[in-house]
Structure formats: C-alpha cells, structure tokens
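Trainee: let me see the structure of the following:
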Amino acid sequence: MALLARWAQATPDKIAAQFPDIGRSITFGDLDARATRIAQWLVSLGLQPGDGIAMLMDNRPEFFEIAFACRRAGLYYTPLSVHLRPNEVAYMLGDAGAKVVIVSPGVADLASAMLHEGATGAVPCFAVGEGLPGYQRFEAALAAAPDAPLGPRPVGREFLYSSGTTGLPKGIKRPLVPFDSRLAPDWDMTWKALYGFGEGTVYLSPAPLYHAAPHGFTIRRTIAEGGTVVVMNKFDPLRALALIEQYRVTHSQWVPTMFVRLLALPEAERNRFDLSSHRVAIHAAAPCPVGVKQRMMDWWGPILWEYYAGSESVGTTVVSPQEWLARPGTVGRPVNGVTLHILDDDGRDLPPGEVGRICFAGAPRFAYHNAPEKTAAAYDAQGRATLGDLGRVDEDGWLFLSDRRADLILSGGVNIYPAEIEAVLVRHPDVAEAAVVGIPHAEFGEQVHAVIVPRAGAHALQPALEELCREHLAGPKRPRSYEFGDDLPRSEAGKLLRRILKERYLNPS
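Mentor: Residues are numbered from 1 along each chain as shown. Next up, the predicted model:
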C-alpha cells in the first residue's frame with residue numbers, strides 16, 4: 001500500500017488502470033484517494049486487523065480500489081469466482097470468516113441467487129456502481145467516511161482459494177506483514193529480475209482479476225511498481241491484439257487456451273496489428289502443447305516466458321524463450337533458492353528421465369486454511385512440498401510435466417499419463433483441443449477415452465487420429481473410444497476440469 005502512495009505522490013495523474021471495454025480508467029492519485037476512503041469505511045464498520053471481506057466482482061476499477069483499501073486497513077480480502085454456485089459461495093464465506101461482502105452489477109444473477117439461497121447469511125452486503133436489489137449501496141455507505149489516512153496498521157493481503165480442480169477450493173491464508181516491514185521485498189522477487197517489471201510497464205490482463213495470477217501481476221507487479229495495467233472485461237483474441245497495439249503493451253500473461261484461440265484467427269487478421277512494443281508474454285496455469293507454443297514463438301518472436309507454480313508458493317520453475325527453444329516442452333528449472341525433487345511412492349529421489357511426484361524444498365511453509373489433513377498431505381517427512389503433479393527432469397535438471405496424480409489412468413496395471421496422449425492428438429492440424437480421461441473397463445479397470453474439439457470445418461477425424469496414435473503411442477496408451485464436442489470444461493485459469501469432463505460424459509443422468 002505504501003508503494004501506491006508513493007506513486008500517487010510522484011505521478012498522481014498517470015493512469016494506473018485502463019478498462020477500455022467499459023470505458024473507464026483510474027489514475028494513481030484517484031486510486032490512492034479511493035483506497036483511503038474505503039479503508040476508513042471498513043474500519044468504521046468495526047473490522048479489526050486480521051478480519052476479512054469477500055468480493056464478487058467482474059473486472060472494474062472498484063476491484064483495485066477495494067483490494068488496496070484492505071491492504072491499507074490490515075484486512076484480508078477474498079476475491080470470489082463469478083462462476084461459483086451459491087452453495088460454493090456459502091462454503092467459502094463461512095470458511096474464510098468474511099465479515100462484509102461486496103458485489104458488482106455485472107454479476108447480478110449470482111449475486112441475487114446468493115441472497116435468495118441464503119449463501120451470505122447475516123453478513124452485511126454491498127453493491128458497487130448503480131447497485132443491486134437487496135444490497136446496500138456501496139457509494140452511499142462511503143459518503144460519510146473520512147478521507148484522512150489511517151494510522152499504522154499491518155499490511156492486509158489477499159486470502160485466495162485454490163481453483164478446486166479436484167474438489168472444493170482450499171483456502172491459502174498467509175500472515176499479515178507488520179507495518180514496520182511494509183517496504184520489505186517479497187520472499188520471491190525473481191519476477192522483477194526475470195521479466196523486467198517497472199515504472200514503464202504496460203501490462204495487458206486478459207483474464208479475470210479474481211484469479212491468483214492476474215491478481216498478483218496487476219496489483220503487486222505492475223501498479224505497485226508504477227506501471228499501468230490494461231484490463232479486458234472478457235478475453236477476445238482480436239480485441240487483445242488491438243489493445244496491444246493501441247496501448248503499446250509491453251507485458252502480458254496468458255493461458256494456453258488463449259494461444260489456441262489467437263492462432264485460430266485468419267492469418268491476415270493476426271498480422272495486421274503492430275505488436276512491436278510487446279516484449280514479455282508470460283504463460284502458466286496449464287501445460288502448453290509444444291506445437292502451440294512453437295507457433296506462437298514463430299508469430300510473436302522469442303518473448304514467451306513460462307513458469308510452473310501454484311497459489312501455495314511451495315516452489316517455482318521458470319524457462320526463458322531461448323531456453324525453451326533449446327528444450328521444447330520444459331517448464332524450467334527452480335528459482336529463488338528452492339530445490340526440485342522427483343520422488344517415487346516411497347519418497348525416494350528418482351533419477352533423470354523417470355516420472356514421479358514433483359516436490360520442492362526450501363520455500364516458506366504454507367498451510368491450507370481449516371484443513372490440517374490437506375496441509376499434511378502436501379508435505380512429506382522431510383518437509384518437501386508438492387502440488388500433486390507428476391513430472392520428470394532431464395540430465396541438466398530441466399522439469400517436464402506429466403500429469404496430476406489424480407488424473408493418472410491405471411489400465412491393466414499400466415500407469416498412463418493423459419498429457420502424453422493429448423500431446424499426440426493435438427499434432428493433427430484439424431484438432432483444436434484434446435482431453436484424455438480414464439473410463440471404467442470391466443477387464444482392465446480403466447480404458448483411455450479421448451474428447452476432441454475439432455477445428456471449424458473438420459469432420460470424420462477418428463480414423464486419422466487412430467492412425468496418428470498407432471504411429472506415436474504404445475498399445476495401452478491409445479484411446480479406445482472417442483468423443484467429439486464444441487468445447488472442454490476449463491477453469492478461469494485455463495486448467496482442464498477433468499472431474500467435470502467425467503461427469504459430463506460418464507454420468508449423463
């Protein structure tokens with residue numbers, strides 16, 4: 001929060017955040033002033049340092065105003081996904097102990113359902129902008145709040161929940177930062193040295209701000225560094241390219257499904273924009289097929305950086321564009337002093353080339369909120385932590401992802417990794433996306449089932465895909481059945497939701 005005040009004093013009229021899709025923007029000076037008033041209002045409600053609020057909002061300036069206000073007031077804030085169901089909202093509000101809920105008109109349907117189904121309980125609820133029926137008016141509530149800065153308080157922070165790809169989201173609540181340490185750098189500052197964020201950064205955010213990565217890159221790595229964020233209301237490939245040109249975007253972050261949609265644009269459309277300002281394009285959240293990333297490199301040049309990490313911050317690997325081109329498919333080597341281990345089921349280190357559980361050592365310890373058993377499951381006896389993913393390293397220590405342990409297919413006693421099969425299927429030029437899951441089989445336990453999203457105009461793909469798999473995959477790994485559809489279920493971060501896929505195709509009732 002102190003960094004925002006610094007930029008508000010030094011460059012009060014500079015734009016901190018542009019929202020071109022809704023025709024709004026906010027300067028550093030106005031953002032600082034609004035954050036101060038909102039912080040005073042929250043404190044006037046009786047909230048004490050360490051208390052928390054929840055936000056259910058689409059991409060709009062108030063998201064940043066409230067986030068920075070909570071940081072100034074020493075409060076936790078939990079951004080909620082706009083795709084949650086009321087029962088999930090109720091669970092997260094109760095688990096987080098939120099004492100205030102703030103929503104926006106852009107999520108009116110869910111906000112209304114939350115009230116009608118009692119998800120918010122007795123928690124005071126406010127709506128920004130023009131307001132919503134049943135919610136108190138946010139702007140009216142602020143009117144009486146003073147605009148004087150608060151006295152010294154610990155630095156508030158986000159209280160995020162994991163994406164819940166394998167069940168209900170898990171909360172990750174970290175300690176507040178004492179006031180006297182407010183200017184101390186984060187434990188992991190590698191992003192600044194590697195990606196070059198600074199005062200001259202213009203960062204394009206094509207994703208929802210409530211997700212961990214867009215949230216962190218916009219607030220801590222761009223605005224807090226004096227840069228400007230350009231926030232899309234919703235990802236659209238053509239619009240994203242136009243915004244890079246219009247605002248001379250220097251940095252951006254993506255997920256692989258966005259790359260797929262960008263590459264699906266007609267070449268004439270793709271090439272009519274001036275992207276020369278764009279020097280760092282970061283991607284993560286889900287494995288990117290080698291062919292997709294290579295095509296993006298051919299188009300944008302060697303500016304694609306990739307990292308592997310999680311909201312738990314147990315460790316991070318990073319790979320530069322040049323390093324990836326030398327080792328296609330890698331997600332990097334560990335940074336910031338952590339060590340990487342590939343372990344077997346008994347916790348023994350595996351040699352290079354063998355697939356095992358990915359673990360890190362050396363990062364600050366974390367805990368899942370109100371879930372000691374899940375926290376314990378994330379650590380082994382030596383204190384090494386895992387996100388539940390499988391992978392291997394080569395002789396030089398470069399990490400290659402395989403799959404999540406929960407996604408492993410066991411067929412006739414053979415371990416089968418869906419990502420390996422998916423990488424083969426997407427080689428076909430008429431395949432836009434592919435997902436592989438295990439489905440019940442009376443003899444082998446599970447069989448490999450492929451779900452394909454064809455490119456526009458493609459038809460009768462199965463024979464060609466069967467031939468492709470015969471050429472590149474051993475017998476047990478080849479899909480025994482195929483499904484063709486218009487899309488795949490994904491989280492806002494682009495992660496494939498295999499549990500939803502199984503529900504959709506295996507339990508149609």
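Trainee: so residue 44 touches residue 145, yeah?
Mentor: Yes: applying Cβ atoms under 8 Å, one finds residue 44 in contact with residue 145, separated by 6.2 Å. (Glycine included, C-beta is placed from N, CA and C.)
Trainee: who's more crowded, those two?
Mentor: residue 145 (17 against 13; other Cβ atoms under 10 Å).
Trainee: secondary structure element for the more buried one?
Mentor: Using DSSP states H and E, residue 145 is not contained in any helix or strand.
Trainee: ok, and the closest non-adjacent residue to it?
Mentor: Sequence neighbours aside, residue 41 is the residue nearest to residue 145 in space, at 3.9 Å (criterion: Cβ to Cβ, 6 or more residues apart in numbering).
Trainee: contact partners for the one you found?
Mentor: Residues in contact with residue 41 (Cβ atoms under 8 Å, 6 or more residues apart in numbering) are 141, 142, 145.
Trainee: repeat that for residue 55.
Mentor: Contacts of residue 55 by Cβ under 8 Å, 6+ apart are 63, 66, 67, 77, 78, 79, 80, 101, 102, 103, 210.
Trainee: element containing it, please.
Mentor: strand 52-56.
Trainee: can you give the strand pairings for that strand, parallel or anti for each?
Mentor: Each strand paired with strand 52-56, and its direction, by DSSP bridges: strand 76-79 (parallel), strand 98-103 (parallel).
Trainee: including distance to residue 501 and mean pLDDT, could those go into a markdown table?
Mentor: Below are the strands paired with strand 52-56 laid out as a markdown table (distance: least, Cβ to Cβ, whole Å; pLDDT from 0 to 100):
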| stretch | distance to residue 501 | mean pLDDT |
| --- | --- | --- |
| strand 76-79 | 26 | 97 |
| strand 98-103 | 30 | 98 |
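Trainee: so which of the ones you listed is nearest residue 276?
Mentor: For residue 276, the closest of the strands paired with strand 52-56 is strand 76-79, at 33.6 Å, according to Cβ to Cβ.
Trainee: which strands or helices does the helix or strand encompassing residue 325 pack on?
Mentor: In this assignment (DSSP H and E), residue 325 forms part of helix 321-326. Contact partners of helix 321-326 among helices and strands, from 3 or more Cβ pairs under 8 Å, 6 or more residues apart in numbering; DSSP states H and E: helix 290-300, strand 304-308.
Trainee: so how far is the strand holding residue 55 from its chain's centroid?
Mentor: Taking Cα atoms, centre = their mean, to the nearest Å, one finds the center of strand 52-56 at 18 Å from the center of the full chain.
Trainee: in PDB, list the C-alpha atoms belonging to it.
Mentor: Extracted in PDB, the C-alpha atoms of strand 52-56 (Å, rounded to 0.1, in the frame of the first residue of the first chain):
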ATOM      1  CA  GLY A  52     -11.700 -10.300   6.200                       C
ATOM      2  CA  ILE A  53     -14.100  -9.400   3.500                       C
ATOM      3  CA  ALA A  54     -15.200 -11.100   0.200                       C
ATOM      4  CA  MET A  55     -15.500  -9.600  -3.200                       C
ATOM      5  CA  LEU A  56     -17.700 -11.000  -6.000                       C
END
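Trainee: next secondary structure after it?
Mentor: According to DSSP H and E, the helix or strand after strand 52-56 is helix 61-73.
Trainee: show me what that following helix is packed against.
Mentor: Packing partners of helix 61-73 (3+ Cβ pairs under 8 Å, 6+ apart): strand 15-19, strand 24-27, helix 28-44, strand 52-56, strand 76-79, strand 157-158, helix 212-219.
Trainee: nearest spatial neighbour of residue 334, skipping sequence neighbours?
Mentor: residue 340 (4.6 Å).
Trainee: which SS state does that neighbour fall under?
Mentor: Assigned with DSSP: H, G, I helix; E, B strand; the rest coil, residue 340 falls in the strand class.
Trainee: and it, what does it touch?
Mentor: 315, 317, 333, 334, 358, 359, 360, 393, 397, 399.
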